[in-house]
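>>> Quick one, what's the 3D model for this:
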Amino acid sequence: MDQFMVTPLFGDGAIHWYTPTNATLWFALTVLAIALVLVVGTRGRAIVPSRSQSLAELTFGLVHKMVEDITGKEGLKYFPYIMTLFCFIVFANFLGLIPMSFSTTSHIAVTAVLAVFVFLGVTVIGFVKHGTHFFGLFWVTAAPLPLRPVLAVIEVISYFVRPVSHSIRLAGNVMAGHAVIKVFAGFAAIALISPVSVVAITAMYGLEVLVALIQAYVFTILTCVYLKDALHPAH
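As a prediction, this is how the structure comes out:
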């Protein structure tokens, strides 16, 4: 599990809040990669797009359509934040697949911050837009009256569990994939099974490429679902 350890970039001393670490480096590289693709890569916009422009337009269109389809036109004002979330997660996931890199999204501390900001954001939006009517999210009017209090308790619990499941899903999938690849790599030194190990590593790496994209998509689409509940809370 040493690949997940946060270490100082300079020296071997204690880590403080201001200490540059390998996590700091790969956070910065993630931001740089996003800027290169979405800003620098689209600077010379043309009718016949370049590869970087095509990638930027495809990403923009994918997230924009997701937000509009799930939350409606009203949710498009929050598109910049959701686009930022998607880009950060997908770029961090892919950069974490580079050999000898550091996977920032494998740490629950990172994904929990992202999930908590989403949770607090949609909760504030819900109360600002609807006031006490936001509690209608927890009151299932379609259910028989005797069952509504029980369902309300279940809905409240599931609501507050959202940031936990939201964060653990992303960090757990990224960490598990990297750990399995490392396990297979450990068998590569054994001559008799090294060919099988190489094949397994290649297959897992290909799967991790899909996981990197899928987990970013899942995190983003859940964010849109939670935003939809804040904008339209009544059951």
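
>>> Distance of residue 31 relative to residue 18?
Residue 31 sits 18 Å away from residue 18, going by C-beta to C-beta, to the nearest Å. Any C-beta I mention is one placed from the backbone N, CA and C, and that applies to glycine too.

>>> Looking at these two, which one has more neighbours?
Per other C-beta atoms under 10 Å, whichever of residue 31 and residue 18 has more neighbours is residue 31, with 14 against 6.

>>> How confident was the prediction at residue 235?
For residue 235, the pLDDT comes out at 52.

>>> can you check residue 23 too?
So, for residue 23, pLDDT stands at 89.

>>> quick one: pLDDT of residue 174?
For residue 174, the predicted pLDDT is 91.

>>> give me every residue that touches the closest residue to it other than its chain neighbours.
Excluding the flanking residues, the one nearest residue 174 by C-beta to C-beta, 6 or more residues apart in numbering is residue 106, at 4.4 Å. With contacts defined as C-beta atoms under 8 Å, 6 or more residues apart in numbering, residue 106 is in contact with 4, 96, 171, 174, 175, 178.

>>> After the helix or strand where the fifth one lies, which helix or strand is next?
Right, residue 175. Here residue 175 sits within helix 148-186, counting by DSSP states H and E. Helices and strands here follow DSSP H and E; after helix 148-186, the next one along the chain is helix 194-231.

>>> burial of residue 216, as a residue count?
22.

>>> wait, I meant residue 207
Counted with other C-beta under 10 Å, the neighbours of residue 207 add up to 14.

>>> residues contacting it?
With contact set as C-beta under 8 Å, 6+ apart, residue 207 has these partners: residue 177.

>>> how near is it to residue 184?
With distances taken as C-beta to C-beta, residue 207 is found 12 Å from residue 184.

>>> ok, now residue 140?
Relative to residue 184, residue 140 is positioned 47 Å away (C-beta to C-beta).

>>> In terms of packing, which of the two has more residues around it?
Legend: neighbour count by other C-beta under 10 Å for residue 140 and residue 184, higher for residue 184 (20 against 16).

>>> who's in contact with that one?
Applying C-beta under 8 Å, 6+ apart, the residues near residue 184 are 197, 200, 201, 204.

>>> Dump those residues to a markdown table, plus neighbour count, pLDDT and distance to residue 90.
Formatted as a markdown table, these follow (neighbours: other C-beta atoms under 10 Å; pLDDT from 0 to 100; distance: C-beta to C-beta, whole Å):
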| residue | neighbour count | pLDDT | distance to residue 90 |
| --- | --- | --- | --- |
| 197 | 17 | 85 | 28 |
| 200 | 18 | 86 | 25 |
| 201 | 18 | 86 | 22 |
| 204 | 19 | 88 | 19 |
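
>>> Just the closest of those residues to residue 92, please.
Residue 92 lies nearest to residue 204 out of the contacts of residue 184, by C-beta to C-beta, at 19.0 Å.

>>> Spatially nearest residue to that closest one (excluding sequence neighbours)?
Using C-beta to C-beta, 6+ apart and skipping the chain neighbours, the partner closest in space to residue 204 is residue 181 (5.0 Å).
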